[in-house]
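# got a predicted structure here, sequence first:
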There are 2 protein chains.
Amino acid sequence: MFSIGIAAERSGVMIETIRYYEREGIVPKPGRSTSGRRIYTDDEIARLRFVKRCRDLGFAIPDAKSLLGLTDGSQDRCSSARTIAEKHLQSVQKKIRDLMQMEQSLADLVTRCSDDDEDCPIISELLSAPEQ
Amino acid sequence: MFSIGIAAERSGVMIETIRYYEREGIVPKPGRSTSGRRIYTDDEIARLRFVKRCRDLGFAIPDAKSLLGLTDGSQDRCSSARTIAEKHLQSVQKKIRDLMQMEQSLADLVTRCSDDDEDCPIISELLSAPEQ
DNA sequence: CTACTACCTGTAGCCACTACAGGAGCAAGC
DNA sequence: GCTTGCTCCTGTAGTGGCTACAGGTAGTAG
């Protein structure tokens, strides 16, 4: 049985964030001491760590909640989990593509920039009207 | 002289966003008609488009504001612009690296997932305690 | 007994919008 | 001239996922 501070330390989730997760119903409410302090079991700390790992992998909170829901031994856990993970993987891949496009455009601008104040490509290209 | 609707259409910035930019001082306040409606010049629409392009390239609003400030022919525009762009380029590259790391981890999980409910790697790896 | 923590609740702030609610003005058709 | 419907106005609240207070209580160490 652990205090929220210990739970934070062991799960890697900040205290304020733990309370936020509880408020939002992402993790179940833990027990309380007589004086009203939260008391966490190992199991509850594992749940917090689970959510942290999901978040580190970029899953949105609702996805993390769904994945956490699968840990209690429901049917078709694996295919459900894979569906969520594949969907997320695709969105990560799209983000990477978008960012690489951005990177290309930015690198172009920076490369072509040659301290010529009269024709700075960064300024002038951003200013130029699009063909629309 | 154009209404906010036309300005939105020509700049690609949504009406609500234009008002937001004005409120936040990112673009200067346009003139008003006698009945209080905003009136935009070509120049002001070009500024909106400039901010849009900056945002599309992922620049933060303060950066977009700085870059927009350079369009009025200040000294060292080009090197100032390049400094901002290089810094942003680096942060984009870092984001790409982080996302590719995520992608790798996710792809691993999905690949190793084989509909085995007893040992779904997505669930079990997320649940397993880290060595810490 | 005092000082210092760790904890509590509730609320506001972050970013960059987005989406209302509730009202006013304006142009076109009847 | 009157209605209809469109665009515009202001002001405020919501989004996601936290993070950071303010102001208070409880427990512990010296």
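Thanks, I have the structure now. Just so it is clear, the structure is predicted and the values come from calculations on it, not from any experiment.

# tell me which residues are up against stretch A:108-116.
By CB atoms under 8 Å, 6 or more residues apart in numbering or on different chains, the residues outside stretch A:108-116 that reach it are A:Cys120, A:Pro121, A:Ile122, A:Glu125, B:Cys78, B:Ser79, B:Ala81, B:Arg82, B:Ala85, B:Glu86, B:Leu89. (C-beta placed from N, C-alpha, C; glycine too.)

# near DNA strand C at all, the helix or strand in which A:Ala46 is found?
Here A:Ala46 sits within helix A:42-56, counting by DSSP states H and E. No - no part of helix A:42-56 sits near DNA strand C under the criterion CB under 7 Å from any atom of the strand; the closest distance found is 12.4 Å.

# just the CA coordinates for that helix, please, in CSV.
Extracted as CSV, the C-alpha positions of helix A:42-56 are listed here (Å, rounded to 0.1, in the frame of the first residue of the first chain):
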residue,chain,number,x,y,z
ASP,A,42,1.0,-2.6,-6.7
ASP,A,43,-1.8,-3.4,-9.2
GLU,A,44,-2.9,0.2,-9.4
ILE,A,45,0.7,1.4,-9.8
ALA,A,46,1.1,-1.1,-12.7
ARG,A,47,-2.0,0.4,-14.3
LEU,A,48,-0.5,3.9,-14.0
ARG,A,49,2.7,2.6,-15.6
PHE,A,50,0.7,1.0,-18.4
VAL,A,51,-0.9,4.3,-19.2
LYS,A,52,2.5,6.0,-19.1
ARG,A,53,3.9,3.5,-21.6
CYS,A,54,0.9,4.0,-23.8
ARG,A,55,1.4,7.8,-23.7
ASP,A,56,5.1,7.4,-24.4
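
# quick check: next helix or strand after that helix?
Sequence order places helix A:61-70 as the next helix or strand after helix A:42-56, per DSSP H and E.
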